[in-house]
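Peer 1: my questions concern the predicted model and sequence given below.
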Amino acid sequence: MTDKATPASDRLGLKPGVVTGADYRRLVETCRDEGYALPAVNVVGTDSINAVLEAAARNRADVIIQLSNGGARFYAGEGMKDADQARVLGAVAAARHVHTVAAAYGVCVILHTDHADRKLLPWISGLIDASEEAVRETGRPLFSSHMIDLSAEPLEDNIAECAAFLRRMTPLGIGLEIELGVTGGEEDGVGHDVDDGADNAHLYTQPEDVLKAYEALSPLGFVTIAASFGNVHGVYAPGNVKLRPEILRNSQAVVAQATGRGDRPLALVFHGGSGSEQAKITEAVSYGVFKMNIDTDIQFAFASSIGRYVHEHAEAFSHQIAPSTGKPTKKLYDPRKWLRVGEQGIVARLEQSFADLGATGRSVARAVQVS
Ligand SMILES: [Zn+2]
């Protein structure tokens with residue numbers, strides 16, 4: 001158990017910036033053991049990355065920045081002909097951007113890739129190649145962790161493939177997030193139809209499956225687990241989603257009993273966090289969730305802020321000289337103006353996320369001397 005009287009930042013004092021290897025693991029275990037979680041935000045460019053870092057710095061919180069395959073492709077440019085190549089290059093470029101600027105924000109950042117099903121395994125393979133090169137050059141991998149989501153396949157196949165990847169990732173200092181049971185909804189073409197309904201058994205992970213996966217994979221490296229407890233990607237009308245966080249508690253209990261590794265041996269991940277009730281979030285975090293994915297609500301925060309701005313300054317988006325005043329509108333349509341408004345929307349929404357997850361003020365990064 002950790003000493004609750006001493007702030008984690010005093011005990012860990014990790015170097016600000018991207019954490020990998022042992023530091024990544026210490027941050028994850030600190031969150032889990034102290035009962036708080038970090039938002040994992042899907043980013044698509046420097047605007048969203050910088051906004052996430054700004055929000056983390058303002059709230060003195062550590063944060064998780066993640067790229068979906070589509071986000072990575074977008075980062076490289078939708079005009080790039082070879083989509084597979086764009087997914088790898090975009091993720092590498094985004095990682096390099098985060099590595100370059102993150103430390104200056106004074107917080108710790110976990111850098112991660114989101115859902116990769118079987119057809120996307122070559123994407124992860126390409127990123128591991130890039131991390132092998134980065135380790136040779138700098139001693140550090142590009143990413144803290146990758147997710148492999150073979151939850152739609154038989155458990156044995158899921159575990160076997162994850163084991164093969166983990167054997168390559170562990171020596172580089174990269175962790176693995178796996179998925180057991182399926183998260184409803186779809187994200188970037190990976191996922192399942194929400195019309196399956198909330199009562200469908202495959203939306204709820206079996207604790208026995210969690211134990212099987214944990215026993216097979218944890219000897220090979222550091223594994224975190226996205227267990228399904230009725231969570232769904234996207235935001236739907238109330239009543240469509242029935243969250244059952246007790247599945248997480250039961251999974252911890254089954255693994256704790258079998259392994260004797262404390263009462264919360266698993267580091268759990270909550271997918272589809274957007275639009276969730278606060279009580280269910282708090283309950284899930286209390287069962288060892290260290291990471292809650294939030295994508296849809298962040299997209300809306302960005303879009304709705306810009307939408308308001310465009311509505312308020314409609315003239316500037318259709319005329320370089322305002323018909324109403326005869327004056328130039330350049331200062332209003334300068335992309336830095338409205339992109340900044342979008343960034344501020346993300347920052348405001350994330351302030352709420354850090355508070356919801358209990359992460360505010362808990363960065364484990366050591367204080368940086370300001371000259
Ligand atoms: Zn997800």
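Peer 2: Perfect, I can see it now. Please read these numbers as outputs of a predicted model, since none were measured by experiment.
Peer 1: how far does stretch 278-295 sit from the chain's center?
Peer 2: Between the centre of stretch 278-295 and the centre of its chain there are 13 Å (C-alpha atoms, centre = their mean, to the nearest Å).
Peer 1: ditto for stretch 101-112
Peer 2: Stretch 101-112 sits 13 Å away from the centroid of its parent chain (C-alpha atoms, centre = their mean).
Peer 1: what is the end-to-end distance of that stretch?
Peer 2: End-to-end span of stretch 101-112 (C-alpha to C-alpha, to the nearest Å): 16 Å.
Peer 1: buried set for that stretch?
Peer 2: Of the residues in stretch 101-112, 102-103, 105-112 count as buried by neighbour count, 16 or more other C-beta atoms under 10 Å. All C-beta atoms are positioned from the backbone trio N, CA, C, and that covers glycine.
Peer 1: of the residues you listed, which is the nearest to N42?
Peer 2: Among the buried residues of stretch 101-112, H112 lies closest to N42 (C-beta to C-beta), at 9.9 Å.
Peer 1: and the closest residue to the closest one other than its chain neighbours, bridged to which residues?
Peer 2: Nearest residue to H112 in three dimensions, chain neighbours excluded: Q66, at 4.2 Å (C-beta to C-beta, 6 or more residues apart in numbering). With DSSP bridges applied, Q66 shows beta-bridge pairing to N42, H112.
Peer 1: ok, Q66 touching V44?
Peer 2: No: taking C-beta atoms under 8 Å as the definition, Q66 is not a contact partner of V44, at 10.9 Å.
Peer 1: which of those two has more residues huddled nearby?
Peer 2: Higher neighbour count among Q66 and V44: Q66, with 28 against 20, using other C-beta atoms under 10 Å.
Peer 1: how near is the more buried one to C162?
Peer 2: Using C-beta to C-beta, to the nearest Å, Q66 is found at 18 Å from C162.
Peer 1: strands along the protein, start to end?
Peer 2: Per DSSP state E, the chain carries strands over the ranges 17-18, 38-42, 63-67, 108-113, 145-148, 175-180, 185-187, 190-192, 223-227, 268-270, 289-294.
Peer 1: any low-confidence regions in the stretch 101-250 of the chain?
Peer 2: 186-202, 238-241 (pLDDT under 70).
Peer 1: in contact with R168, which residues?
Peer 2: Neighbouring residues of R168 by C-beta atoms under 8 Å, 6 or more residues apart in numbering: I128.
Peer 1: for it, give its distance to F74.
Peer 2: 26 Å.
Peer 1: what about E78, how many neighbours?
Peer 2: Around E78 there are 11 other residues, counting by other C-beta under 10 Å.
Peer 1: how much space separates it from K15?
Peer 2: 35 Å.
Peer 1: repeat for Y214
Peer 2: Note on Y214: its distance to K15, by C-beta to C-beta, is 30 Å.
Peer 1: swap in G106?
Peer 2: Distance from G106 to K15, counting by C-beta to C-beta: 11 Å.
Peer 1: identify the contacts common to these two.
Peer 2: Listed as contacting both G106 and K15 by C-beta under 8 Å, 6+ apart are A365.
Peer 1: for the residue sitting nearest the centre point of the chain, which residues are in contact?
Peer 2: In the chain, the centroid-proximal residue (C-alpha atoms, centre = their mean) is A40; its distance is 2.7 Å. Residues near A40 by C-beta under 8 Å, 6+ apart: 64-66, 110, 112, 269, 291-294.
Peer 1: how about T296?
Peer 2: T296 neighbours (C-beta under 8 Å, 6+ apart): 233-235, 274-275.
Peer 1: kindly report the same for G342.
Peer 2: By C-beta under 8 Å, 6+ apart, the contact list for G342 reads 47, 51, 302-303, 305-306.
Peer 1: narrow those to those that are buried.
Peer 2: Among these, the ones that count as buried by 16+ other C-beta under 10 Å are 47, 51, 302, 305-306.
Peer 1: and which of those residues is nearest L27?
Peer 2: A51 (21.1 Å).
Peer 1: that closest one against E343, yeah?
Peer 2: Yes: under the criterion of C-beta under 8 Å, A51 makes contact with E343 at 3.9 Å.
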